[in-house]
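In: Next one to model:
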Amino acid sequence: MKSRPGDGPEDVDAAFAAIVADLRREGVGLDADLPAELRAPQEPTDPAPPPAAPATATWRSHETEIDWANENEHEHYEPPEPPPLPRLRPLTIVALAALVGGVLLLALSSLLDLDARVTTPAALVCLALGIGLLLFRARKTPPTGDDDNGAQV
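Out: Sure, this is the predicted structure:
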């Protein structure tokens, strides 16, 4: 594919070299941390180079050595005991029993050789009753008390 006049410079290498030379004059790409074999060759400007600044820590290194020995083995965090679970209310126990009964009716109806036309609707009613009771009894407001659990959504 031939390039048309006006599409760009005729000598791409010369244009690239000019761009790189302009950037080097501005100091772009000069990194004192690079090893000598990776640095771009430069024309000597002064017979005696200035003394190098002391190396400072970059974001990849540390100024101090890290002691990887675990000297604080006995100083670990021990969380407090969790509070006891609240006692279940009688209606919650009924809801959980309805859920378990519905699942058992669905699972065991074929094993006990029961009529599926009777046990399947009964199991679905038990499951719906258990889910409904649990949802209607769910707390809609935060608990009262001085205990602040953090942000409320």
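In: how close does the residue lying closest to residue 110 once chain neighbours are set aside get to residue 94?
Out: In space, and not counting its chain neighbours, residue 110 is closest to residue 116: 7.3 Å by Cβ to Cβ, 6 or more residues apart in numbering. Any C-beta I mention is one placed from the backbone N, CA and C, and that applies to glycine too. For residue 116, the distance to residue 94 under the criterion Cβ to Cβ, to the nearest Å works out to 25 Å.
In: ok, these two, which is more surrounded?
Out: Neighbours were counted for residue 116 and for residue 94 using other Cβ atoms under 10 Å; residue 94 has more, 14 against 11.
In: who touches that one in this structure?
Out: For residue 94, the contacting residues are residue 133, by Cβ atoms under 8 Å, 6 or more residues apart in numbering.
In: How much space separates it from residue 75?
Out: From residue 94 across to residue 75, the span is 49 Å (Cβ to Cβ).
In: Ramachandran angles for residue 88?
Out: Dihedral angles phi and psi of residue 88 (degrees, to the nearest 10) take the values phi -80, psi 140.
In: Let me know the distance separating it from residue 137.
Out: Here the criterion is Cβ to Cβ. By it, residue 88 lies 11 Å from residue 137.
In: list the residues that contact both of the two?
Out: When contacts are counted by Cβ under 8 Å, 6+ apart, residue 88 and residue 137 have no shared neighbour.
In: what helix or strand does residue 16 sit in?
Out: If you go by DSSP states H and E, residue 16 is part of helix 12-26.
In: pLDDT averaged over that helix - what is it?
Out: Computed over helix 12-26, the mean pLDDT rounds to 86.
In: Which strands or helices does the longest helix along the chain pack on?
Out: Across the chain, the helix with the greatest residue count (assigned by DSSP state H) is helix 116-136. For helix 116-136, the contact count by 3 or more Cβ pairs under 8 Å, 6 or more residues apart in numbering; DSSP states H and E identifies helix 90-108 as packing neighbours.
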